[in-house]
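# with the input below, show me the fold.
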Amino acid sequence: MERRNFIKHAVGTAVIGIVIPQSSKRDVLAHHVLFWLKENLSDQEITDFALFFEDLKKVPSVKSLHYGRPAPTNPRDVVDNSFTYSLLVYFDSLDAINEYETHPIHLDAVDRYSKFWDKVVVHDAFLSS
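Have a look, this model is predicted:
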């Protein structure tokens with residue numbers, strides 16, 4: 001039975017045309033960051049904080065960058081809308097995110113805007129298509 005499943009898989013892959021090694025399925029590196037800003041900030045300061053993300057867009061290794069405020073989705077046990085801003089940055093490789101983390105634009109932006117947040121949580125993941 002194992003041989004039959006292998007043959008089915010091999011034939012299905014052959015129809016596609018190529019066999020892709022598991023390690024090369026890492027198409028994109030997603031850098032997801034949640035920010036909880038300080039309680040005492042004005043509405044204008046919270047809005048102005050978005051300039052932080054606009055600065056980060058200038059880092060050359062960024063493939064794409066998206067940010068926003070929590071969506072008013074239906075409350076459920078698994079939904080956490082307690083953050084102030086969410087940032088999602090896509091990179092082509094580990095080298096690209098490593099460049100981003102140490103790039104002067106990133107470091108300067110963190111230095112200028114970190115006074116606004118109480119908490120930051122980062123999730124990095126390879127995404128495959």
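
# now tell me which helix or strand of the chain has the poorest mean pLDDT.
The helix or strand of the chain with the poorest confidence is helix 2-16; it has a mean of 49 (mean pLDDT, DSSP states H and E).

# how about D95, phi and psi?
phi -60, psi -40 (degrees, to the nearest 10).

# in a helix, that's where F126 is, yeah?
No - with DSSP: H, G, I helix; E, B strand; the rest coil as the criterion, F126 is strand rather than part of a helix.

# right, and it touches V28 too?
Yes - contact criterion CB atoms under 8 Å: F126 and V28 qualify, at 7.3 Å. Placement of C-beta: from N, CA and C, glycine included.

# neighbour count: the two, which is higher?
V28 (16 against 13; other CB atoms under 10 Å).

# ok, that one touching D124?
No - V28 lies out of contact with D124 (CB under 8 Å); the separation is 11.2 Å.

# give me every residue that touches the residue nearest to F49 when sequence neighbours are not counted.
Leaving aside its sequence neighbours, F49 sits nearest to F116 (CB to CB, 6 or more residues apart in numbering; 5.4 Å). Contacts for F116 (CB atoms under 8 Å, 6 or more residues apart in numbering) come out as 37-38, 41, 45, 49, 52.

# what's the farthest-apart pair in these?
Taking CB to CB as the measure, these reach their widest spread between K38 and F52, a distance of 13.8 Å.

# out of these two, which sits in the busier spot?
F52 (19 against 13).

# what sits against the closest residue to that one other than its chain neighbours?
Using CB to CB, 6+ apart and skipping the chain neighbours, the partner closest in space to F52 is Y113 (4.1 Å). Residues in contact with Y113, defined by CB under 8 Å, 6+ apart, are 49, 51-52.

# what do you get for K119?
Counting by CB under 8 Å, 6+ apart, K119 touches 35-36.

# which helix or which strand is home to it?
strand 117-127 (DSSP states H and E).

# give the pairing partners of that strand; include direction for each.
Looking at strand 117-127 with DSSP bridges, its partner strands are strand 28-37 (antiparallel).
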